[in-house]
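> using only what follows, build the 3D model:
(2 chains)
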Amino acid sequence: MAIATHGTSSNYLQRAPSPSGLADVLDVILDKGLVIDAYVRVSVIGIELVTIDARIVIASVDTYLRFAEAVNRLDLTQTEAAGLKELRDGGSDEKSKGVKEGVKEKVTPGK
Amino acid sequence: MSTTAPRESPSAAAVYVYGVVARGSEPALADDGVAGGTVGLVQHGDLAALVSAMPSEQLRVRRRDLVSHLAVLERAFAATTIVPCSFGTVLASEEAVRNGLLGARGDELHALLRRLEGHVQLNVRARYDEDVLLRQIVAGDTGLQRLSERTVALGEAGYYERIRLGELVAAAVADRRAREEQALYARLAPLAREIAPDEAGDEVLKASFLVARNGLAGFDAELEGIAAEQDGLLRLESIGPLPPTAFARLEEARWGS
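Below you'll find the predicted structure:
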């Protein structure tokens, strides 16, 4: 991919003038802003659950197993070569793979 | 369900409140508010609240309502300084908005408007590219490499070894993440007037930054610099300029009765 040129960071910094996904909208307006002891607060219980579900519990057996599997999936012989190459001159294979995974991550935010 | 949507004065009905602006700087008003209400103004002294009528006290929140609330804020914010209200703020009547909110909390609202003037909110998130991170962690640790090889060799029998491996990796990730978070805050804090950290999930950093309009380019350049230095390890996301929802707090949540 031509965009993975050394020194170009635009791949790694995404800018948006306004939130687009529901989770990002909630980040801006839910429990943010002036909270006054209002006459009635609109019930948003269902929505709060959604945001809590999206959070990841770090320290759990599931997480450990997931990390172990992720590490075991890594091709370690490739790691040293690619890792160094990446640090030195930004190996393009790693980058374009990373970009794809970044996109995948966006589609499945629960993971 | 009301068939006659009140135009300028929603009279005695419950009132949905979007935010407060200084009188004389009232923005152009969007037509569609939460629950299909028409957005109007309630004024008191030199303050004005953006409001719309509520058809009933029980609003079933739909995606459209969330988007409408934000749209009203953004439209106002494009024209003037606004103290945004949290989503779902409903007062009993226009009178309650006038006296209970604008009147009773006038001094605090003025102070907030002054503090927020000329500033915007940026919601910043930084997240590791997990693949790149794990490669870096494992590449620098022969102990982890050996344990990984062992668990692969053991297969199904190596359940506890896998947990041990994952535990060590998780600890390394957490340690790295904590240091990275501190480093990121240290670089961005001098460029922001205030910071409102958010509860991070799998992010390295998740926070709202209150940034002066004339400091936006500098802040963005710093983000760009961080992204460039990290060379694929960190994914940064910057949403904004947004109305300063994370920075509109009154001293106490009480208000005049």
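> so where do the strands sit in chain B?
Assigned by DSSP state E, the strands in chain B fall at B:15-22, B:40-44, B:47-53, B:82-84, B:89-91, B:119-128, B:194-197, B:205-212, B:234-242.
> turn the ones you listed into JSON lines, including mean neighbour count, mean pLDDT and distance to chain A.
Where you see a C-beta, it was placed from the backbone N, CA and C, and this is true even at glycine. Output for the strands of chain B, formatted as JSON lines (neighbours: other Cβ atoms under 10 Å in any protein chain shown; pLDDT from 0 to 100; distance: least, Cβ to the nearest Cβ, whole Å):
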{"stretch": "strand B:15-22", "mean neighbour count": "27", "mean pLDDT": "94", "distance to chain A": "7"}
{"stretch": "strand B:40-44", "mean neighbour count": "18", "mean pLDDT": "95", "distance to chain A": "14"}
{"stretch": "strand B:47-53", "mean neighbour count": "25", "mean pLDDT": "95", "distance to chain A": "10"}
{"stretch": "strand B:82-84", "mean neighbour count": "30", "mean pLDDT": "96", "distance to chain A": "4"}
{"stretch": "strand B:89-91", "mean neighbour count": "24", "mean pLDDT": "85", "distance to chain A": "5"}
{"stretch": "strand B:119-128", "mean neighbour count": "22", "mean pLDDT": "97", "distance to chain A": "6"}
{"stretch": "strand B:194-197", "mean neighbour count": "16", "mean pLDDT": "95", "distance to chain A": "8"}
{"stretch": "strand B:205-212", "mean neighbour count": "22", "mean pLDDT": "97", "distance to chain A": "8"}
{"stretch": "strand B:234-242", "mean neighbour count": "22", "mean pLDDT": "96", "distance to chain A": "5"}
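> contacts only, for residue B:42.
Counting by Cβ atoms under 8 Å, 6 or more residues apart in numbering or on different chains, residue B:42 makes contact with B:15, B:48, B:49, B:51, B:94, B:97, B:98, B:102.
> reformat those as JSON lines; add distance to residue B:132.
JSON lines is the format used below for the contacts of residue B:42 (distance: Cβ to Cβ, whole Å):
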{"residue": "B:15", "distance to residue B:132": "51"}
{"residue": "B:48", "distance to residue B:132": "50"}
{"residue": "B:49", "distance to residue B:132": "48"}
{"residue": "B:51", "distance to residue B:132": "49"}
{"residue": "B:94", "distance to residue B:132": "56"}
{"residue": "B:97", "distance to residue B:132": "51"}
{"residue": "B:98", "distance to residue B:132": "56"}
{"residue": "B:102", "distance to residue B:132": "52"}
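> identify the farthest-apart pair in those.
B:15 and B:48 (13.1 Å; Cβ to Cβ).
> parallel or antiparallel, which strands does the longest strand seen in chain A pair with?
Counting by DSSP E, the longest strand found in chain A is strand A:13-16. Neighbouring strands of strand A:13-16 in its sheet, by DSSP bridges, are strand B:234-242 (parallel).
> and the pLDDT at the closest residue to residue B:168 other than its chain neighbours?
Once flanking residues are discounted, residue B:168 sits nearest to residue B:144: 6.2 Å by Cβ to Cβ, 6 or more residues apart in numbering or on different chains. Per-residue pLDDT puts residue B:144 at 95.
> I'd say residue B:144 and residue B:137 touch.
Yes: between residue B:144 and residue B:137 there is a contact under Cβ atoms under 8 Å: 7.0 Å.
> so, low pLDDT: which residues of the chain?
By default, I'm working from chain A. Applying pLDDT under 70 to chain A picks out residues A:1-10, A:37-59, A:76-111.
> that was the other one, I meant chain B.
For chain B, the stretches with pLDDT under 70 are B:1-12, B:56-59, B:251-257.
> which residue does it have closest to chain A?
Ranked by Cβ to the nearest Cβ, the top residue of chain B for proximity to chain A is residue B:166, at 2.9 Å.
> circling back: want to throw the strands of chain B into JSON lines with distance to residue A:62?
Converted to JSON lines, those look like this (distance: least, Cβ to Cβ, whole Å):
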{"stretch": "strand B:15-22", "distance to residue A:62": "41"}
{"stretch": "strand B:40-44", "distance to residue A:62": "51"}
{"stretch": "strand B:47-53", "distance to residue A:62": "45"}
{"stretch": "strand B:82-84", "distance to residue A:62": "38"}
{"stretch": "strand B:89-91", "distance to residue A:62": "38"}
{"stretch": "strand B:119-128", "distance to residue A:62": "19"}
{"stretch": "strand B:194-197", "distance to residue A:62": "26"}
{"stretch": "strand B:205-212", "distance to residue A:62": "22"}
{"stretch": "strand B:234-242", "distance to residue A:62": "23"}
